[in-house]
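K.L.:
From the sequence below, what's the structure:
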Amino acid sequence: MGALVALVAARVTAALKHQATVYGLMTLAALIIIFAAGYALNAGHTMLMFSFGAVTASLIITRCLVATAGVCVVASRIFANRPSATAEKLSKLASPYSAPALRLPYSRQHRRHPPLAQFVNGGLKWIVEC
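P.N.:
Below you'll find the predicted structure:
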């Protein structure tokens, strides 16, 4: 019995270490992206400063950041107003006599290829067949 407990403990420990490594790397990547964005803003500010002057460059960067924040706020309001798939909706079993099955937004169930994708797919099939 002790060996079974030791095996389960080892697997749980390995899974936790794996998850900690994954989330640690994702956090590190997010920090590096934030630092890179800071360097990009600094480079843009320097370029604008040589072209328009220090004050005007700062105002241009500020306006761009405020506009980006405004777009993020509008996007968050749009996403907040969408109905979410609750656990009750997802846990119901679908019977042949009930309402149609739940189609989640952004699922692959109802995604259709646009005409350009169909054209490219047909062209690729034609190239492979030749």
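
K.L.:
three-state assignment of Arg82?
P.N.:
Secondary structure assignment for Arg82 (DSSP: H, G, I helix; E, B strand; the rest coil): coil.

K.L.:
what's the burial count for it?
P.N.:
7 (other Cβ atoms under 10 Å). Glycine gets a C-beta too; all of them are placed from N, C-alpha and C.

K.L.:
Now it: phi and psi?
P.N.:
Main-chain torsions, Arg82, degrees, to the nearest 10: phi -80, psi 140.

K.L.:
And it, what's its pLDDT?
P.N.:
As predicted, Arg82 sits at a pLDDT of 75.

K.L.:
Could you check how far it is from Ala75?
P.N.:
For Arg82, the distance to Ala75 equals 11 Å [Cβ to Cβ, to the nearest Å].

K.L.:
Could you do Ile32 as well?
P.N.:
From Ile32 to Ala75 the distance is 24 Å (Cβ to Cβ).

K.L.:
any idea how far Ile60 is from Leu48?
P.N.:
Relative to Ile60, and taking Cβ to Cβ, Leu48 is found at 6 Å.

K.L.:
And the average pLDDT for stretch 50-67 is what?
P.N.:
Averaging pLDDT along stretch 50-67 gives 93.

K.L.:
Would you mind listing where the chain has pLDDT under the threshold?
P.N.:
Low-confidence segments of the chain (pLDDT under 70): 84-130.

K.L.:
which stretches of it form helices?
P.N.:
2-52, 54-80, 87-91, 115-129 (DSSP state H).

K.L.:
Is it possible to get CSV of those helices that adds mean neighbour count?
P.N.:
Shown next, in CSV, are the helices of the chain (neighbours: other Cβ atoms under 10 Å):
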stretch, mean neighbour count
helix 2-52, 10
helix 54-80, 11
helix 87-91, 8
helix 115-129, 9
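
K.L.:
For Ser51, which non-adjacent residue is closest in space?
P.N.:
Leaving aside its chain neighbours, Ser51 sits nearest to Ala57 (7.6 Å; criterion: Cβ to Cβ, 6 or more residues apart in numbering).

K.L.:
ok, that neighbour - contacts?
P.N.:
Residues near Ala57 by Cβ atoms under 8 Å, 6 or more residues apart in numbering: His45, Thr46, Leu48, Met49, Ser51.

K.L.:
Cool, thanks, talk later.
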